[in-house]
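Asker: below is the sequence, then the predicted model.
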Amino acid sequence: MKSFINVEDLGDLKQALAEAQEIKQERYKYQHLGKNKTLMMIFFNNSLRTRLSTQKAAMNLGMNVIVLDVNAGAWKLETERGVIMNGDKSEHLLEAIPVMGCYCDIIGVRSFAGLKDRDYDYAETVLKQFIQYSGKPVFAMETATVHPLQAFADLITIEEYKTVQRPKVVLTWAPHCRALPQAVPNSFAQWMLAAPNVDLVITHPHGYELDPQFTRGARIEYDQKTAFEGADFIYAKNWSNPGVTNPADYGKITCEDMSWTVDTEHMSWTNNGKFMHCLPVRRNLIVTDDVIESPNSIVIPEAANREISCSVVLKRMLEAL
Ligand code: CP
């Protein structure tokens, strides 16, 4: 596997899920693959889970790991071509990327959406430059528009906790005080639609429609209660306005309706549903204390599976070197 961005990069999902379970039983089985190989993790934004789980997965596979926080200790990087670099940015990404590629065998990139220019964010310019100029396999550790390691971990978790063959999985928008990217819901929708046995319903306020490239074929239900009825899993997430119905709204908060916060009443509409969130989560905006602390909350095992999803991806990349 040369890059990992979308669900298709993983090939057969049943096979990938079986591989995940195998690795979960025997985390150090493939240590030989990473001997004398180096992973470089590059962060343009903050992280807790991705940073720790990716490093752990790489160590399980016997790799060396280098972490670069671009905004803490590195030269400030210019990302645009054609700019006269007489400001505070000392280095251009187009030199920095091939230099970084010299020091490692695989690169993980976290690049965030600016939420100002939809075309720029959805073009995935930074990620694509890493793919083009690093000369190394590249995987997304959440980019402007996708978070595949999270979505794969979510699918592993649903497989582990489902009690029916084809669970009803509801992706619900919830309110937030800051404008957040659409990467997590985009990938979640894409992966659930590709999964062999998932009945996906997406619910959000009018105007928050996700990009159809990720949701084509999904059932959209604007009434949250109707969406929740009979659900086996509730996946809560905030996202800012994707600008699909009105491009001028891209990246803005156009709904602050707190009735969308997932509370015990919401969960009572479900089929004893499990609660999921990728974390970090703002309590009592996205979800109430009661729900996230309830026995039906599986946010911690979900986070734990980030180590497993990443282990499968790195194993595949190491095998292809
Ligand atoms: N879910 C997730 O990606 O968490 P971090 O932002 O902490 O890495």
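Answerer: Happy to help now that I have it.

Asker: for Val287, name its beta-bridge partners.
Answerer: The bridge-partner assignment for Val287, based on DSSP bridges, gives Val262, Arg283.

Asker: against the ligand, how distant is the nearest residue to Met1 once chain neighbours are set aside?
Answerer: Distances taken as CB to CB, 6 or more residues apart in numbering place Arg316 nearest to Met1, at 4.2 Å, with adjacent residues excluded. The C-beta positions use only the backbone N, C-alpha and C, and glycine is treated the same way. For Arg316, the distance to the ligand equals 20 Å [CB to the nearest ligand atom, to the nearest Å].

Asker: how much space between Arg316 and Leu61?
Answerer: Here Arg316 is placed at a distance of 11 Å from Leu61 (CB to CB, to the nearest Å).

Asker: ok, now Thr264?
Answerer: Thr264 is 41 Å from Leu61, by CB to CB.

Asker: neighbour-wise, which of these two wins?
Answerer: Using other CB atoms under 10 Å as the criterion, Thr264 and Leu61 rank with Leu61 on top: 25 against 10.

Asker: list the contacts for the more buried one?
Answerer: The contact partners of Leu61, by CB atoms under 8 Å, 6 or more residues apart in numbering, come to 30-31, 33-34, 311, 314-315, 318.

Asker: quick one: those residues as TSV, columns for neighbour count too.
Answerer: Shown next, in TSV, are the contacts of Leu61 (neighbours: other CB atoms under 10 Å):
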residue	neighbour count
Tyr30	18
Gln31	13
Leu33	17
Gly34	25
Ser311	26
Leu314	27
Lys315	21
Leu318	23
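
Asker: low-confidence stretches in the stretch 1-150 of the chain?
Answerer: Within the stretch 1-150 of the chain, no range satisfies pLDDT under 70.

Asker: residues from the stretch 51-200 of the chain in reach of the ligand?
Answerer: With CB under 6 Å from any ligand atom as the criterion, the stretch 51-200 of the chain meets the ligand at residues 142, 150.

Asker: in the stretch 51-200 of the chain, what residue spans correspond to helices?
Answerer: Taking DSSP state H, counting those that start in this stretch as the test, the helices found in the stretch 51-200 of the chain are 93-102, 118-123, 125-133, 148-161, 183-194.

Asker: what angle separates the lengthiest helix in the chain from helix 148-161?
Answerer: The residue-count maximum for a helix in the chain (DSSP state H) belongs to helix 299-319. Helix 299-319 runs at 120 degrees relative to helix 148-161, counting by axes from the mean of the first three to the mean of the last three CA atoms, to 10 degrees.

Asker: quick one: the strands in this protein?
Answerer: Taking DSSP state E as the test, the strands found in the chain are 3-4, 38-43, 64-69, 77-78, 91-92, 106-110, 138-140, 168-173, 199-203, 219-220, 233-237, 274-276.

Asker: parallel or antiparallel, list what pairs with the fifth one.
Answerer: In this case it means strand 91-92. strand 77-78 (parallel).

Asker: got it, and the first one?
Answerer: Strands that pair with strand 3-4, judged by DSSP bridges, come out as strand 138-140 (parallel).

Asker: the third one too?
Answerer: Taking DSSP bridges as the criterion, strand 64-69 sits next to strand 38-43 (parallel) in its sheet.

Asker: show me the contacts for the closest residue to the ligand within the stretch 201-321 of the chain.
Answerer: When scored by CB to the nearest ligand atom, the stretch 201-321 of the chain has Cys278 as its residue closest to the ligand, at 4.0 Å. Taking CB under 8 Å, 6+ apart as the contact definition, Cys278 lies against 49, 147, 150, 154, 184, 237, 302-303.

Asker: distance to Pro247 and mean neighbour count added to the helices of the stretch 51-200 of the chain, as a markdown table?
Answerer: Shown next, in a markdown table, are these (distance: least, CB to CB, whole Å; neighbours: other CB atoms under 10 Å):
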| stretch | distance to Pro247 | mean neighbour count |
| --- | --- | --- |
| helix 93-102 | 27 | 17 |
| helix 118-123 | 6 | 17 |
| helix 125-133 | 18 | 18 |
| helix 148-161 | 26 | 24 |
| helix 183-194 | 17 | 24 |
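
Asker: out of the ones you listed, flag the one nearest Pro212.
Answerer: Among the helices of the stretch 51-200 of the chain, helix 183-194 comes nearest to Pro212, with 10.0 Å by CB to CB.

Asker: and stretch 249-265, which residues are buried?
Answerer: 249-251, 255, 260-262 (16 or more other CB atoms under 10 Å).

Asker: sorry, that was for stretch 277-287
Answerer: Quick answer for stretch 277-287 (16+ other CB under 10 Å): 277-278, 281-282, 285-287.

Asker: out of the strands of the chain, nearest to Ser268?
Answerer: Judging the strands of the chain by CB to CB, what sits closest to Ser268 is strand 233-237, at 11.4 Å.

Asker: not counting the closest one itself, show me its contacts.
Answerer: 154, 158, 161-162, 167-174, 184-185, 188, 228, 262, 266-267, 270, 273-278, 281, 286-287.

Asker: again, but for stretch 93-106
Answerer: 37-40, 42, 63, 66, 68, 75, 77-79, 81, 107, 126, 129-130, 133-139, 314, 317-318, 321.
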